Structure formats: structure tokens, C-alpha cells
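J.: okay, sequence plus prediction incoming.
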Amino acid sequence: MKFPSGDAPMRLLSMVALGIERICPRSLRRGVPFALVIVAAIYTIMFLACASARLPFGFELTWLESGMQAMTDRLAAHQSIYAEPSPTYVPFIYPPLYYVVAHGIGLALPSLGPFIPMRLVSLLATLATAFTVFLLLGRRTTLGLGRAVL
């Protein structure tokens, strides 16, 4: 294998890859991707279980939630969510889409309580991001099921 001069990192990576091929038996190389997919599936199941357990919790889980709820309440009262800071209200500098969507869910399903619409938006955004990464990896790589690990 020939490398252009000054390509030491590529040479080092190739040496490591060849060393791994010599050391690891073929059966181990086939089993590792499968094991990684199983571990990724367990991690995903644990994440969903944890998120679904926290979703209906009636009190704030972090100090940010009360501030986010205050901004959603201001939106419901037709007040500016980016008002000048005062001793009683200091807005967060996040873009307004989160508050608008959470407020819309709260209006559509008022029995959910104050925190569930915001947590639902966050959970759905997380799942949509993970699914988008999964699809992009499928288009740009040849990883097969191994892309689920990433």
C-alpha cells in the first residue's frame, strides 16, 4: 500500500485496521455489529421508558421548565414573550417556535396540565431528530442496520 508523502495519519489508521484484522477472528468481526445494534436497541428502549415515565410528572423536573411555562403563559395571555427584562419576568432567548407549538398543544388538549405539552414537544423533537439522522445515514452510507447504532 503506497501513500502520498506527509500522509502519516492515513498510514497510522491503515496499520491499526490491518492489526485489528489480524488479531480479531472473523466470527468476532461479524458479531460485534450485531451486538452494537442490540445495545443501541436496549438504550433506545430505556430512553423511551424514562421519557414516558417523566412525561406525566406533575411538577417541574428542572428549573428551566417554570421559565418556559411562564413564556407559554404570556403567549396565552397575548403578551410579548420577548418583553424587556424586569424583576418579575426575564425571557429566555430561545426562538419562539417551541413556545408556539407547546401553546398549541396546550390549547388542543387542555386536560394535559401545564408541563406535559412542553415535554411532549421536546420528546417528539428528539425522536424526529434521531429518525432524521437514521435516514441520512441510510442514504449516505452503506452501514445497513449498523446505522441504528449511530
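T.: Yep, it's here.
J.: hey, let's count contacts and neighbours off CA atoms from now on
T.: Noted.
J.: now for the longest helix anywhere in the chain, which elements pack on it?
T.: Assignment by DSSP state H gives helix 26-54 as the longest helix of the chain. On a contact count with 3 or more CA pairs under 8 Å, 6 or more residues apart in numbering; DSSP states H and E, helix 26-54 meets no helix or strand.
J.: got the buried residues for the helix or strand following that helix?
T.: Sequence-wise, the next helix or strand downstream of helix 26-54 (DSSP states H and E) is helix 63-76. Residues 65, 68, 69, 70, 71, 72, 73, 74, 75, 76 are the ones in helix 63-76 that count as buried (16 or more other CA atoms under 10 Å).
J.: check stretch 75-89 too.
T.: For stretch 75-89, by 16+ other CA under 10 Å, it's 75, 76, 81, 82.
J.: kindly report the same for stretch 103-118.
T.: Quick answer for stretch 103-118 (16+ other CA under 10 Å): 103, 105, 106, 114, 115, 116, 117, 118.
J.: next one: stretch 119-127
T.: Quick answer for stretch 119-127 (16+ other CA under 10 Å): 119, 120, 121, 123.
J.: now do stretch 63-75, average pLDDT.
T.: Throughout stretch 63-75, pLDDT has a mean value of 89.
J.: adding distance to residue 35, write the buried residues of helix 63-76 out as JSON lines.
T.: Output for the buried residues of helix 63-76, formatted as JSON lines (distance: CA to CA, whole Å):
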{"residue": "65", "distance to residue 35": "37"}
{"residue": "68", "distance to residue 35": "40"}
{"residue": "69", "distance to residue 35": "42"}
{"residue": "70", "distance to residue 35": "45"}
{"residue": "71", "distance to residue 35": "44"}
{"residue": "72", "distance to residue 35": "43"}
{"residue": "73", "distance to residue 35": "47"}
{"residue": "74", "distance to residue 35": "49"}
{"residue": "75", "distance to residue 35": "47"}
{"residue": "76", "distance to residue 35": "48"}
